[in-house]
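> starting from these lines, generate the structure:
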Amino acid sequence: MSIILLETGPIDRFAEVGNYASYARCVDSQRISNGKKKGEGNVRNGNKYLAWAFVEAANFALRFCAEAKRFYERKRAKTNNAVATKALAHKLARACFHILKEKQPFDKGRCFA
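Purely as a prediction, here's the structure:
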């Protein structure tokens, strides 16, 4: 958690949760119009250390959180392991944003509902 705090910096610089998830490299950088791929953005944009920290947090959550494991297994049934891990990291990044912004403890029910 300390790496996430240090690499995030002041949470007030992110207007919305999507901006934070994008900075943490937890979202795709494709441009899609009418269901067709029109290009990609800068996939190297964002903080690589924060991306690493959230993937590590996702791997840790897989081992010790039943709700996270269920979410991962649902994703993995439709895609591959890497995509499912990154989806779980994205969920945790969104949760982390709300934890830092609202100064509330982590709620598994809210995160994986």
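
> C-alpha from now on. contacts and neighbour counts both.
Fine.

> can you map out the strands along the protein?
Assigned by DSSP state E, the chain shows strands spanning 30-33, 36-40.

> kindly export the last one (C-alpha atoms) in CSV.
It refers to strand 36-40. Presented in CSV, the C-alpha positions along strand 36-40 are these (Å, rounded to 0.1, in the frame of the first residue of the first chain):
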residue,chain,number,x,y,z
LYS,A,36,-14.4,-0.6,-35.0
LYS,A,37,-10.9,0.0,-33.9
LYS,A,38,-9.7,3.4,-35.1
GLY,A,39,-6.3,3.5,-33.4
GLU,A,40,-4.5,3.4,-30.1
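
> which residue is the nearest non-sequential neighbour of the most centrally placed residue in the chain?
Nearest to the mean C-alpha position of the chain, by Cα atoms, centre = their mean, lies residue 90 at 1.7 Å. With sequence-adjacent residues excluded and distances taken as Cα to Cα, 6 or more residues apart in numbering, residue 90 is closest to residue 26, at 5.0 Å.

> number of residues surrounding the one you found?
By other Cα atoms under 10 Å, the residues close to residue 26 number 25.

> where does this structure have low pLDDT?
When residues are selected by pLDDT under 70, those of the chain lie in 1.

> pull the longest helix from it.
For the chain, the longest helix by residue count, based on DSSP state H, is helix 81-102.

> OK, contacts around residue 95?
Residues in contact with residue 95 (Cα atoms under 8 Å, 6 or more residues apart in numbering) are 106, 111.

> buried sites along stretch 75-95?
Residues of stretch 75-95 classed as buried by neighbour count (16 or more other Cα atoms under 10 Å): 75-76, 84-95.

> list the residues that contact the residue nearest to the centre of the chain.
21, 26, 27, 54.

> and the third one, what does it touch?
Read that as residue 27. Residue 27 makes contacts with 21, 90, as judged by Cα under 8 Å, 6+ apart.
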